[in-house]
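Colleague: Predicted model and sequence below, questions to follow.
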Amino acid sequence: MDTEQSAKSMFKFLYSLVIVAIHTGVFYYVLFFVYNKMLAAPLDSGGYLMVVLYCAGIVGFFKIMGALKVGYNRQFNIILSHIISLCTLNAIAYIQLSLIHRSFLPLYPVLLMTLIQGAVSIVWTIIVFKLNKAFASITDMLLIYGDKKAEELVYKILEREDQYKICETIQHKPETYTSESNIEEIKEKILNYKAVIIYRIPSNIRNDLLKFCYENDIEVYLPPRISDIIIRGAKELDQFDSPLVICKNCSLTDGQKFFKRLTDIAISVVGIIMSSPIMLAIALAIKIYDGGPVLFKQKRVTLNEKVFEIYKFRSMIIDAEKDDRVIPATDNDPRITPVGKIIRKLRFDELPQLFNILKGDMSFVGPRPERVEHHEAYTELIPEFPFRTKVKAGLTGYAQVMGKYNTTAYDKLLLDLIYIQKFSFFLDIRLILLTVKIIFMKESTEGFKNNKEK
């Protein structure tokens, strides 16, 4: 197993090195053999510094976007990550060169460079995926579950049959919780696998199995509990010779709140100005289609369970929810207008929320603002659901990026709590960049097949 992991790590290092070297080489050529001839003061050693910074930028953006996670992310996901990273980095490089020149340089070299790099990334991704598929081994797994069925998790794992295969399942039955025979049977089966999934079994049994797997160098996959996520945000206390950790259980510090608010104001103002032509075109299209109201307003929940009115472009027919009845959106919902289908797919229906951010109702990054009815219903089922309102609701966020539109309420809560516990400005930047990517990923905008939520 160690040899296999070493081979995988070496393969990953080599294919990452190749693509970073190619993109850096293309930039080097365009910088020194094209743009350097246009600059009023040609670059010397400063040009080499730009090349080094460009190389570091590629590594940084690729890491943020998951552009090198071959075998982990899907092929289209990888290609999209490359293109977004290169477009962003090349735009920054062009602005830098224009500032050095003190006027705008011709755009065609950087556009041509981006097209070449994009083509190289597509070819590279296809080749590496084929190599990875040819040599990579599928992880055989044992699924251990408790009294709660694991069909939903199994279905999700089956979607990645190129990576994982559940070969066997075994239940830890409630009536055997006090019996050692069932535990010993499970442990015997565990030894036949390199990886196991532990799904919703009692904490004491889970801890016992975790230690057993650790002892035998066996990988463990398991859904975290809310308490697990709270502990993830803990800090070590080194004042005593007995290890202690502190769970402060507050959302953000005053300094973080201040700078996050400043960032929200800046982004919302710039976003409103840049997207105003798009918003005007959408407003006209909605008005021309059926003459109804352009905006859709709805009561949502934000920081400390405060209720506010969210703004969205109306994507459904007039009176889509008569008598204030909650009717969840589904795949191919007949109430969605032709204009609505386009703006929902591109997430443009959410652009008016930039005004909510400017007002202070929302943040750019944070948990999705739930409808009041849904928030109350989820709180009855999951008493911890209000924990996600420790921060302002967001236009985008961890659950929106990592999950799907139809991700369950409990999983959304876990994802939102991970964001709150891991909060940093670097994480916010990463989520903003990843949001651009998910716009083009169909699975992230799937509706509800069973009318769970709107």
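Modeller: That came through, no problem. Numbers count the residues shown, from 1 in each chain.
Colleague: Now do the strands in the protein.
Modeller: For the chain, applying DSSP state E gives strands covering 139-145, 164-171, 195-199, 219-221, 235-237, 244-246, 295-301, 307-313, 363-365, 394-396.
Colleague: Which among those is found nearest to H375?
Modeller: Ranking the strands of the chain by their distance to H375 (criterion: C-beta to C-beta) puts strand 295-301 first, at 4.5 Å. Glycine gets a C-beta too; all of them are placed from N, C-alpha and C.
Colleague: List the contacts of that closest one.
Modeller: Contacting residues not belonging to strand 295-301 are listed as 307-316, 349, 352, 369-372, 375, 389, 393 [C-beta atoms under 8 Å, 6 or more residues apart in numbering].
Colleague: buried subset of the residues you listed?
Modeller: Buried members of those, counted by 16 or more other C-beta atoms under 10 Å: 308, 310-316, 349, 352, 369-371, 375, 389, 393.
Colleague: Which one of the residues you listed is nearest to L431?
Modeller: Top of the list for closeness to L431, among those and by C-beta to C-beta, is A393 at 13.9 Å.
Colleague: per-residue confidence at the closest one?
Modeller: Note for A393: predicted pLDDT of 96.
Colleague: Pull the contacting residues for the residue lying closest to it once chain neighbours are set aside.
Modeller: Spatially, and ignoring its direct neighbours in sequence, A393 is nearest to P369 (3.4 Å; C-beta to C-beta, 6 or more residues apart in numbering). Applying C-beta under 8 Å, 6+ apart, we find P369 in contact with R300, V301, T302, F308, I310, M362, A393, G394.
Colleague: Now that I100 has come up, it's in contact with N36, right?
Modeller: No: proximity of I100 to N36 does not meet the contact threshold set by C-beta atoms under 8 Å, at 10.5 Å.
Colleague: so what sits against both of those two?
Modeller: Looking at what touches both I100 and N36 (by C-beta under 8 Å, 6+ apart), the common residues are L43.
Colleague: Out of the strands of the chain, which gets the lowest mean score?
Modeller: In terms of average pLDDT, strand 235-237 trails the rest of those, at a mean of 83.
Colleague: Sheet-wise, list the partners of that strand with their directions.
Modeller: For strand 235-237, the paired strands and their directions (DSSP bridges) read strand 244-246 (antiparallel).
Colleague: neighbouring contacts of the strand it pairs with?
Modeller: Outside of strand 244-246, the residues within contact range by C-beta under 8 Å, 6+ apart are I231, A234, K235, E236, L237.
Colleague: go again using 6 Å as the cut-off
Modeller: Applying C-beta atoms under 6 Å, 6 or more residues apart in numbering, the set of residues contacting strand 244-246 from outside is A234, K235, E236, L237.
Colleague: what do you get for stretch 224-235?
Modeller: Contacts of stretch 224-235 (C-beta under 6 Å, 6+ apart): V245, I246, C247, E384, L417, I418, Q421.
Colleague: Do a quick rundown of the helices in the stretch 51-200 of the chain.
Modeller: Using DSSP state H, counting those that start in this stretch, the helices of the stretch 51-200 of the chain run over residues 75-101, 108-135, 151-158, 180-190.
Colleague: Could you point out the longest helix of the protein?
Modeller: Selection of the longest helix in the chain by residue count, based on DSSP state H, yields helix 254-290.
Colleague: Now do it against strand 307-313, angle only.
Modeller: Taking axes from the mean of the first three to the mean of the last three C-alpha atoms, to 10 degrees, one finds helix 254-290 and strand 307-313 inclined to each other by 50 degrees.
Colleague: can you pull the buried residues of helix 254-290?
Modeller: Residues of helix 254-290 classed as buried: K260, T263, D264, I267, S268, G271, I272, M279, I282, A285, I286 (neighbour count, 16+ other C-beta under 10 Å).
Colleague: Which elements pack onto that helix?
Modeller: Counting contacts by 3 or more C-beta pairs under 6 Å, 6 or more residues apart in numbering; DSSP states H and E, the secondary-structure elements packed against helix 254-290 are helix 338-345, helix 353-359, strand 363-365.
Colleague: Out of the buried ones among the contacts of strand 295-301, which is nearest to E215?
Modeller: Compare each of these with E215 using C-beta to C-beta and the shortest gap goes to T389, at 40.6 Å.
Colleague: tell me the pLDDT at the closest one?
Modeller: For T389, the model assigns a pLDDT of 95.
Colleague: before we move on, what about T445?
Modeller: What the model reports for T445 is a pLDDT of 47.
Colleague: Ok, the one 5 residues further on next?
Modeller: At N450 the predicted local confidence, pLDDT, stands at 43.
Colleague: Any stretches of the stretch 201-350 of the chain with poor pLDDT?
Modeller: Residue ranges of the stretch 201-350 of the chain with pLDDT under 70: 322-331.
Colleague: still on that earlier bit, who wins for proximity to C55 among the helices and strands packed on helix 254-290?
Modeller: Distances from C55 to each of the helices and strands packed on helix 254-290 were compared using C-beta to C-beta; the shortest belongs to strand 363-365, at 28.2 Å.
Colleague: Could you check the pLDDT of the residue nearest to A393?
Modeller: At P369 the predicted local confidence, pLDDT, stands at 95.
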